[in-house]
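1. Have a look; sequence and predicted model below, questions after that.
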Amino acid sequence: MDKNFSGEDNDSIDWDTEDELEIQEITDTTFSSCTNLRSVRRHTVSGHGEASTSSVSCQSKFIQQFIVMGFPEESIAKAIEQNGENEGLVLDALLTFKALEDSLEDQSSASPQLEPCNSSDDSSSQYNESFLDDVYEEDSWSSDSDNCINSAKRDYLKGESSSLSEKEQTLIFLANMGYPAEEASIAMERCGPEASLAELIDFMCAAQMAREDDAYLPEDVKPKLNSGGYKRKMYNEFCTRKKQRAISDEESIPLPKHMIGFGVPTESIPRMVQRTLPEQAIGPPFFYYENVALAPKGVWDTMSRFLYDIEPEFVDSKYFCATARKRGYIHNLPIEDRFPLLPLPPRTIHEAFPLTKKWWPSWDTRTKLNCLQTSIGSARLADRIRKAMKAMENFDGEPPAIVQKYILDECRKWNLVWVGRNKVAPLETDEVEMLLGFPRNHTRGGGISRTDRYKSLGNSFQVDTVAYHLSVLKDLFPNGINVLSLFSGIGGAEVALYRLGIPLNNVVSVEKSEVNRNIVRSWWEQTNQRGNLIDFEDVLQLNGDLLEQLIDSFGGFDLVIGGSPCNNLTGSNRVSRDGLEGKDSSLFYDYVRILDLVKSIMSSRRV
DNA sequence: AGTAGCATGAACGGCCGA
DNA sequence: TCGGCCGTTCATGCTACT
């Protein structure tokens, strides 16, 4: 039963117990105020015992929350059946089913139970009464929401108080869920009389998908993995030059359970204080490479192999600030005597956003935000949650566990915070800047849109985390540092070094996005940097000649730092998670190429 | 034409019970 | 040991609007 609350934050919640208590409350409150559910109470009361009451109430509660939000009951039943216990999906379905309900209304001449109900507080239609009568009359409702719908179907099909045949009832049930009667009928024929509702729905969904697939041309829809060209060639060259190993499961680099890397300043977890780098990996220059920790299988093996077999350091920024950010870092920096940026950033949500504490429900036990991404939750979602919360106000105490779970899931998914009574909202851009360790308004101005600010921030370093790793450079370069910053973004590396108090003598920054370059340039000017900032648009511009020129002009790079595009690696990408050979993430090989060039040019200058 | 808002799963690893 | 469940994730592309 803990599947709804398997998270670390929810161990104290007992589904059944809590439900029982709340259910009683809700049913009591509900039935006095909602005519639509009178029939529910009637049948609850006439049920077959205690189990019946509580499990029927479970469904009442589940449905009630939507009724109070103003959704017609038929849509609710339909959405529930299609989406099971998934509250979010149910809500989404409710919002998109209106058109379908219209069509159901057309069918209602044949079936009076399909009459739409658009309001919860008007005198309820015949449909609502009869539908709920049928649905709720039996005693086999499980308090587990997983089983509620199946139980409903079983109860429904028992037909103890109905004159309709089993098949007719199933048809009506499916029709009420929004499926065309014809499709439902076909599905029942194909799946057989014993088929469960889930099977029938699966069948109809599959049929629908098949129809949609037919609309496409079968041949040219396959995505091209890679356009080939120089990157593939370069990859092959690398493969032949470096020692080659097949990527197999057994040598896949495991992600540590606690992502503290070689240590974090805030945890009293034993930390590694020394490591031995492969001979090839030792600088100069120092280098620091970053990417998402949760990349597809084998990616970190490949990256490690191309970066001198250095073991990646996996660190979650939740140990540094109030937001998670699981990243892997491959670098050849010393790991002794690191120190954190001061002041230490707020490490919990409440510390970071003290004003939200007032509105934070006790059952939202989050102390850290999840990974900040490139886009934010929609206003519509925030409003759905507000409405759901408001609906729950009618009941004393907290929302039912299932509502809590829905809201928490969405809050976790979109990093929503409580900003008012029953009100959640996505983080503002300046709040994201703060969480990531950038100065306020770092990305503001310069012609960048709000949407692009989120995108640029979502793609950047967590400054405190990176600074902790780079802190060892402070004593090594008291007179300043020359940095080659690849894929600079909004300048996370530069900001980190600056905040560490390491003078930036020469910074060669490579960044594709013009607005990001402007942001770094603007920051550079505003912080009165005395060094030189040279920026380039494309890593491809950095060939041997240019690098030689740059190295000769100021005596070499002390640090080559950057995180190549992650968009083909991250789990957030539903479209093109193609791994290291993806269109953008293959730029990793340019990081390797440039690092190799810098190393070899610098070693040639030393002899 | 440019922008903002929105809907769109899958892959992965951890966990737990059979 | 294995299978199922669960939580997490530096995003992409369509649509409506200005």
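-> Alright, I've got the coordinates.

2. Does anything pack onto the helix or strand harbouring residue A:561? Which helices or strands?
-> Assigned by DSSP states H and E, residue A:561 belongs to strand A:559-562. Strand A:559-562 is packed against strand A:286-292, strand A:481-486, helix A:588-606, with contacts defined by 3 or more Cβ pairs under 8 Å, 6 or more residues apart in numbering; DSSP states H and E. Backbone N, C-alpha and C define where each C-beta goes, glycine included.

3. So which of these is nearest DNA strand B?
-> strand A:286-292 (11.1 Å; Cβ to the nearest atom of the strand).

4. what sits against the closest residue to residue A:496 other than its chain neighbours?
-> Nearest residue to residue A:496, sequence neighbours excluded (Cβ to Cβ, 6 or more residues apart in numbering): residue A:467, at 3.9 Å. Neighbouring residues of residue A:467 by Cβ atoms under 8 Å, 6 or more residues apart in numbering: A:340-341, A:437, A:496-497, A:499-500.

5. Repeat the analysis, applying 7 Å as the threshold.
-> Each residue near residue A:467 by Cβ atoms under 7 Å, 6 or more residues apart in numbering is listed here: A:341, A:496, A:499-500.

6. picking that back up, between the helices and strands packed on strand A:559-562, which gets the lowest average pLDDT?
-> The minimum mean pLDDT among the helices and strands packed on strand A:559-562 belongs to helix A:588-606 (a mean of 93).

7. Identify the residues contacting that one?
-> Identification of contacts with helix A:588-606 by Cβ under 7 Å, 6+ apart yields A:231, A:234-235, A:238, A:284-285, A:287, A:289, A:303, A:306-307, A:484, A:486, A:539-540, A:542, A:544, A:547-548, A:551, A:556-557, A:560, A:562, A:564, A:580.

8. Distance of residue A:387 relative to DNA strand C?
-> According to Cβ to the nearest atom of the strand, to the nearest Å, residue A:387 and DNA strand C sit 21 Å apart.

9. Only C-alpha atoms, please: export the helix or strand hosting that residue in PDB.
-> When elements are assigned from DSSP H and E, residue A:387 belongs to helix A:379-393. The C-alpha coordinates for helix A:379-393 follow below in PDB (Å, rounded to 0.1, in the frame of the first residue of the first chain):
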ATOM      1  CA  ALA A 379      -0.300  28.800 -15.200                       C
ATOM      2  CA  ARG A 380      -3.200  26.400 -15.900                       C
ATOM      3  CA  LEU A 381      -1.600  23.700 -13.800                       C
ATOM      4  CA  ALA A 382      -1.100  26.100 -10.900                       C
ATOM      5  CA  ASP A 383      -4.800  27.100 -11.200                       C
ATOM      6  CA  ARG A 384      -5.900  23.500 -11.300                       C
ATOM      7  CA  ILE A 385      -4.100  22.900  -8.000                       C
ATOM      8  CA  ARG A 386      -5.600  26.100  -6.500                       C
ATOM      9  CA  LYS A 387      -9.100  24.900  -7.400                       C
ATOM     10  CA  ALA A 388      -8.400  21.500  -6.000                       C
ATOM     11  CA  MET A 389      -7.100  23.000  -2.800                       C
ATOM     12  CA  LYS A 390     -10.000  25.400  -2.600                       C
ATOM     13  CA  ALA A 391     -12.400  22.500  -3.100                       C
ATOM     14  CA  MET A 392     -10.800  20.700  -0.200                       C
ATOM     15  CA  GLU A 393     -11.400  23.700   2.000                       C
END
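
10. Can you pull the residues of the stretch 151-300 of chain A lying near DNA strand B?
-> With Cβ under 7 Å from any atom of the strand as the criterion, the stretch 151-300 of chain A comes near DNA strand B at residues A:252, A:254-255, A:257, A:294, A:296-297.

11. Poorly predicted segments of the stretch 501-607 of chain A, please.
-> A:607 (pLDDT under 70).

12. how about 80 then?
-> A:606-607 (pLDDT under 80).

13. Let me see the ranges of the strands in it.
-> For the stretch 501-607 of chain A, the strands defined by DSSP state E, counting those that start in this stretch occupy A:504-510, A:532-536, A:559-562.

14. what's the most buried one of those strands?
-> strand A:559-562 (a mean of 27; mean count of other Cβ atoms under 10 Å).

15. Residue A:559 against residue A:480, yeah?
-> No - here residue A:559 does not reach residue A:480: they are 11.3 Å apart, not a contact under Cβ atoms under 7 Å.

16. Counting neighbours, what do you get for the closest residue to DNA strand B within the stretch 401-550 of chain A?
-> Nearest residue of the stretch 401-550 of chain A to DNA strand B (Cβ to the nearest atom of the strand) works out as residue A:449 at 2.9 Å. If you count neighbours by other Cβ atoms under 10 Å, residue A:449 ends up with 9.

17. With mean neighbour count and distance to DNA strand C as extra columns, can I get the helices and strands packed on strand A:559-562 in JSON lines?
-> Converted to JSON lines, the helices and strands packed on strand A:559-562 look like this (neighbours: other Cβ atoms under 10 Å; distance: least, Cβ to the nearest atom of the strand, whole Å):
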{"stretch": "strand A:286-292", "mean neighbour count": "25", "distance to DNA strand C": "3"}
{"stretch": "strand A:481-486", "mean neighbour count": "26", "distance to DNA strand C": "11"}
{"stretch": "helix A:588-606", "mean neighbour count": "18", "distance to DNA strand C": "10"}
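
18. so can I have a markdown table of the strands of the stretch 501-607 of chain A showing distance to DNA strand C?
-> Output for those, formatted as a markdown table (distance: least, Cβ to the nearest atom of the strand, whole Å):
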| stretch | distance to DNA strand C |
| --- | --- |
| strand A:504-510 | 14 |
| strand A:532-536 | 18 |
| strand A:559-562 | 8 |
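
19. Let me have those strands in TSV, adding distance to residue A:346 as columns.
-> Output for the strands of the stretch 501-607 of chain A, formatted as TSV (distance: least, Cβ to Cβ, whole Å):
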stretch	distance to residue A:346
strand A:504-510	27
strand A:532-536	30
strand A:559-562	26
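
20. Of the ones you listed, which is nearest residue A:473?
-> strand A:559-562 (6.8 Å; Cβ to Cβ).

21. residues in chain A within reach of DNA strand B, list them.
-> With Cβ under 7 Å from any atom of the strand as the criterion, chain A meets DNA strand B at residues A:6, A:92, A:95, A:252, A:254-255, A:257, A:294, A:296-297, A:375, A:378-381, A:449-452, A:571-574, A:577.

22. are any of those buried, and which?
-> Buried residues within the residues of chain A next to DNA strand B, defined by neighbour count using 16 or more other Cβ atoms under 10 Å: A:92, A:294, A:296, A:381, A:452, A:577.

23. mind checking how far the last one is from residue A:544?
-> Spatial separation of residue A:577 from residue A:544 under the definition Cβ to Cβ, to the nearest Å is 33 Å.

24. What of the second one?
-> Look at residue A:294 and residue A:544: by Cβ to Cβ, they are 35 Å apart.

25. ok, which residues in the stretch 301-450 of chain A are in contact with DNA strand C?
-> Contact residues, the stretch 301-450 of chain A versus DNA strand C (Cβ under 7 Å from any atom of the strand): A:324-327, A:370-371, A:373-375, A:405, A:409, A:412-413.
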